[in-house]
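Q: all I have is the shape, not the residue letters:
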């Protein structure tokens, strides 16, 4: 086997662009080349045009049918800069499909003088690298190469070849890079495998194996032991067994010779893939069969007893062929062949973390993706808990972090959780495996996650050190932790001292827990509007109060819940509104109040809880509202559960609660009122006709 002399043969490249291409092995109506990207050489246009169809192209974005060129084979597109290639494929029935590729041609940095320089220079003359199966094509090892269509799988330049017995000629795109510039050419593959050309003339023809037409009317025929006849219509036979077709001249004479032809059973095609990926196709049947590859006109030139299908290392060649089968040089029918020569490393998985960087202050969600839809395997090492003196430099920690056993990836999130014991390091490693069990390179992602508890203390002297939210250097203002709350899935804040909630709209979109340990006061300013969206807020051991009367009618509530959860435990809350207001406004949310005291005052109307389609749970607490119209809770839809709680309304008129279309459980509570206007039959809790009372028992009322 000789080494391919590229530099001697390049002048012949223009003659090699019109190879026999088996249309069945490509996707019809496709642009094989160019592809999107920035290339340092002018690109060759290679299209796959369906049988009977035509293609037109333009390189300036214009309509290729009206102002383009007719495509009649691979051609260099003599344009540079930004190119908008448009191709119109016209099928034999007139259907038009338009496809486009945008790419850029920019002069690049050529390799230094030497083999790589010469290789690029010669290939750029025609855009084609001619190659004959069986030769060896040496790609400069100072260049990286990638074969086929994107995404690129880069490998170091080496010697590549195709089996000399391969029978399919084709155009293989190749990309080359020196790390600075990227070139893209076409390897024009021709074959040297020659079959036999042999055809036998018989007075009949066979269609689809089992249909026989008698073409020459000068003969009479018989099949097997049937009577002699001159059939006018095609005859069907069973090709699972032998048949003898006999014929002789229609003019009777004792000297007439009876000729015959034996039709054997239909053979079985066997496709085998060798260890090196080469696909061999042979038949299992009686001796005498041969087959040829049909071209777009349904014709075959050479006949083979077996063929091989191969491609270069780094390439993947998959498709279907239609073989024309012959027995004793007489056409019998066609047989389809599917093949998959896979010598291309799979694309490694893409590891996508929810946060960038190798040091983060929140839980990380990692997903794997693979554009080739291959199987993926993943290994997660860690967490490795770091010591408290950890200085935030991840490199020293991640070096040497081991890789554990790989397991199949189940397409879900890989959660790298923070630890309450300190920062922790993780390493995620992954690879992919294709349908031929080829394994990709291993890719890794390493990160340190530190979402430990944050501390807030208004009494901390910042002169003692920069506040960083740690226990020894706590933040001093609530404003400092708001970005941390929304930047993490869950934040645990330990707060002490007197802290002011900023006077603006604050939207919380992540879960947060605030522990005051009975030593924290949270002051809401009148302008404060705390909105909790699709998350949760848990407050315990705190005093919550407005610094002055809240009069803004646009945001009258302290807490606005939107599909969220609010949990108050051991909280003392007082709110004074102007004309009206509610402490908690809940839409499609959950409210839990335990061991707490809530008081709300307003001029005209006030309630502690106003909810729609929410779940309200109140236990072992004290609820008080004072206003002209005073209501502890007003709920429409959802679930309401009130247990062992003292409820008080004071003002002109009011109720403990109004329940519309809820499922309610109200047990062991005390209801008190100090109302100037008492309506007859005024029950402490109003329930409309749609309300379902699951239990109402053990409650005591005074003043109703």
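A: Cool, the structure landed. The model shown is predicted, which means the values in this text are computed figures rather than measured ones.

Q: what pairs with residue 375 across the strands?
A: In this structure, residue 375 bridges to residue 433 when assessed by DSSP bridges.

Q: which stretches of the stretch 101-250 of the chain form strands?
A: Counting by DSSP state E, counting those that start in this stretch, the stretch 101-250 of the chain has strands at residues 128-132, 136-138, 144-147, 155-156, 159-161, 170-177, 182-190, 204-207, 211-214, 219-223, 235-236, 243-249.

Q: who are the packing partners of the second one?
A: Taking 3 or more Cβ pairs under 8 Å, 6 or more residues apart in numbering; DSSP states H and E as the contact definition, the neighbouring helices and strands of strand 136-138 are strand 159-161. In short, each C-beta sits where N, CA and C put it, glycine included.

Q: partners of the strand it packs on in the sheet?
A: For strand 159-161, sheet partners with direction are given as strand 136-138 (antiparallel), following DSSP bridges.

Q: give the buried residues for the strand it pairs with.
A: For strand 136-138, a neighbour-count test (16 or more other Cβ atoms under 10 Å) marks 137, 138 as buried.

Q: same question for stretch 135-145.
A: Neighbour counts over stretch 135-145 (16+ other Cβ under 10 Å) mark 135, 137, 138, 139, 140, 142, 143, 144, 145 as buried.

Q: okay, how far is it across that stretch, tip to tip?
A: Criterion Cα to Cα, to the nearest Å; first-to-last residue distance in stretch 135-145 is 18 Å.

Q: how far off centre is it?
A: Relative to the chain's own centre, stretch 135-145 is displaced by 33 Å; criterion: Cα atoms, centre = their mean, to the nearest Å.

Q: what's it in contact with?
A: 1-4, 6, 111, 114-116, 119-120, 129, 131, 154-161, 174-179, 187, 312, 314 (Cβ atoms under 8 Å, 6 or more residues apart in numbering).

Q: filter those residues to the buried ones?
A: Of all the contacts of stretch 135-145 considered here, the ones buried according to neighbour count by 16+ other Cβ under 10 Å are 4, 6, 111, 115-116, 119-120, 129, 131, 155, 157, 160-161, 174-178, 187, 312, 314.

Q: hang on, the earlier thing: format the strands of the stretch 101-250 of the chain as a markdown table; extra columns: mean pLDDT.
A: Converted to a markdown table, the strands of the stretch 101-250 of the chain look like this (pLDDT from 0 to 100):
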| stretch | mean pLDDT |
| --- | --- |
| strand 128-132 | 96 |
| strand 136-138 | 97 |
| strand 144-147 | 96 |
| strand 155-156 | 92 |
| strand 159-161 | 97 |
| strand 170-177 | 96 |
| strand 182-190 | 97 |
| strand 204-207 | 94 |
| strand 211-214 | 96 |
| strand 219-223 | 95 |
| strand 235-236 | 95 |
| strand 243-249 | 95 |
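
Q: buried stuff in stretch 329-345?
A: Counting neighbours by 16+ other Cβ under 10 Å, one finds that the buried residues in stretch 329-345 are 330-335, 337, 339-345.

Q: now, the residues you listed that are in strands?
A: Among the buried residues of stretch 329-345, DSSP state E puts 330, 331, 332, 333, 334, 335, 337, 339, 340, 341, 342 in strands.

Q: please identify the buried residues of stretch 97-116?
A: Those would be 99, 101, 103, 105, 108, 110, 111, 115, 116, for stretch 97-116 by 16+ other Cβ under 10 Å.

Q: just stretch 574-585 next, same as before
A: Counting neighbours by 16+ other Cβ under 10 Å, stretch 574-585 gives 575, 576, 577, 580, 581, 582, 583, 584, 585 as buried.

Q: dig out what the third one forms beta bridges with.
A: Just to be clear, that refers to residue 577. Assessed by DSSP bridges, residue 577 has beta-bridge partners residue 550.

Q: and what about the residue lying closest to residue 78 once chain neighbours are set aside, helix, strand or coil?
A: Once its chain neighbours are removed from consideration, residue 78 has its nearest residue in residue 42; the separation is 6.1 Å (Cβ to Cβ, 6 or more residues apart in numbering). Classification of residue 42 into helix, strand or coil gives coil, according to DSSP: H, G, I helix; E, B strand; the rest coil.
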